[in-house]
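Trainee: What follows is a predicted protein model with its sequence.
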Amino acid sequence: MKQWEIAPGSRICQVCERRFDPDEQYWSVISETDAGYVRKDYCEVCQASAEPVEGPISVWRTINRVAPKLPRVNIDPVNAFELLETFSATDPEDPRQKLAYLLALLLMRRKVIRYEGIEEGHLLFKRGGRRKVWRVQEFNFKPEEMDEIQEELSALLELDEASVAEGQAPQPEGSPPDGGDAGLAENS
């Protein structure tokens, strides 16, 4: 099978060399040359007046989608880990288990904890140079759940540090008031 190497959109018009605005529609043309396949992008104005491309293979209209830059959330790793310990030690049916999983992913990304593997539906991780291995129940979130869980976790991470340190982390709506055990499930 022949491998095609086609450059992604340049986000710049090939004729007027103007950078496309966010959400601006533009035209892309792929043609074959002696050097291989070439992609050229044109703004609306230049596409109408540009010299026709010889032997175009594909022509389509697209939109310059620019992903919004999300602000980096500053978290206190100590408090975040304490929340992780508290939430992951709750009953497996407790909604805070989902928060624990998302928090574990966030802390892995920030290199506060280290991924060790998956076992029986649980994410295994270590913290620092410790020998202890912690377990957090694994989840596959539905897209519609993700926004709600992220908002809830963001609200929890913005808490006053003293209330978290004193073990007074708030509970999501509908959770049992007991809060579960104080530690994560250990994997010996």
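Mentor: Okay, I see it.
Trainee: Could you use CA atoms for every contact and neighbour count after this?
Mentor: Noted.
Trainee: domains for the protein, by residue range?
Mentor: 7-69, 77-187 (automatic domain parsing).
Trainee: Just give the number of residues close to Gly129.
Mentor: 8 (other C-alpha atoms under 10 Å).
Trainee: can you tell me how far it sits from Leu103?
Mentor: Separation of Gly129 from Leu103 (C-alpha to C-alpha, to the nearest Å) stands at 20 Å.
Trainee: ok, Cys43 - contacts?
Mentor: Applying C-alpha atoms under 8 Å, 6 or more residues apart in numbering to Cys43 gives the contacts 13, 20, 25-27.
Trainee: The same query, at a cut-off of 7 Å, please.
Mentor: Applying C-alpha atoms under 7 Å, 6 or more residues apart in numbering to Cys43 gives the contacts 13, 26-27.
Trainee: What separation do you get for it and Glu54?
Mentor: Per C-alpha to C-alpha, Cys43 is found 19 Å from Glu54.
Trainee: what's the answer for Pro92, then?
Mentor: Pro92 sits 63 Å away from Glu54, going by C-alpha to C-alpha.
Trainee: quick one, which of the two is more surrounded?
Mentor: Shown here are Pro92 and Glu54; by other C-alpha under 10 Å, Pro92 has more neighbours (13 against 9).
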